[in-house]
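Enquirer: with the sequence up front, the predicted model follows.
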Amino acid sequence: MEKSMKISPNIALYVPRTADVQQLAALAGPGGSVELEQNFVNHKLKTVTAYYGELVSST
């Protein structure tokens, strides 16, 4: 994540459903923001997508 942030602050991580939400939030850093999207298939949670930087929705 550190190397990616040097290239661009706009990052999307596609992680398994078992990913630690607290850890994903901590990756945003102090004052940063993260948006988490849960991805379902056949009404079952399969993955989570974490958006950082300008990819976070402003609404």
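Expert: That came through fine. Numbers count the residues shown, from 1 in each chain.
Enquirer: ok, N39 to M5 distance?
Expert: In this view, N39 and M5 are 23 Å apart by CB to CB, to the nearest Å. Any C-beta I mention is one placed from the backbone N, CA and C, and that applies to glycine too.
Enquirer: out of those two, which sits in the more crowded spot?
Expert: Ranked by neighbour count (other CB atoms under 10 Å), N39 and M5 place M5 first, with 15 against 11.
Enquirer: my guess is that one meets G32, correct?
Expert: No. The criterion here is CB atoms under 8 Å, and M5 misses it with G32 at 9.7 Å.
Enquirer: in which helix or strand would I find the residue most central in space within the chain?
Expert: Ranked by distance to the mean C-alpha position of the chain (CA atoms, centre = their mean), the top residue is A50 at 1.4 Å. Taking DSSP states H and E as the criterion, A50 maps to strand 44-52.
Enquirer: pull the contacting residues for the closest residue to N10 other than its chain neighbours.
Expert: Excluding the flanking residues, the one nearest N10 by CB to CB, 6 or more residues apart in numbering is G53, at 3.8 Å. G53 is in contact with S8, P9, N10, I11, counting by CB atoms under 8 Å, 6 or more residues apart in numbering.
Enquirer: for P9, same thing?
Expert: Contacts of P9 by CB under 8 Å, 6+ apart are Y52, G53, E54.
Enquirer: adding distance to A28 and pLDDT, write the residues you listed out as TSV.
Expert: Output for those, formatted as TSV (distance: CB to CB, whole Å; pLDDT from 0 to 100):
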residue	distance to A28	pLDDT
Y52	6	96
G53	9	93
E54	13	93
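Enquirer: please convert those residues to CSV, extending it with distance to H43.
Expert: Output for the contacts of P9, formatted as CSV (distance: CB to CB, whole Å):
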residue, distance to H43
Y52, 28
G53, 31
E54, 31
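Enquirer: before we move on, back to that, hmm, the residue nearest to the centre of the chain is touching A12, no?
Expert: Yes. Contact criterion CB under 8 Å: A50 and A12 qualify, at 7.1 Å.
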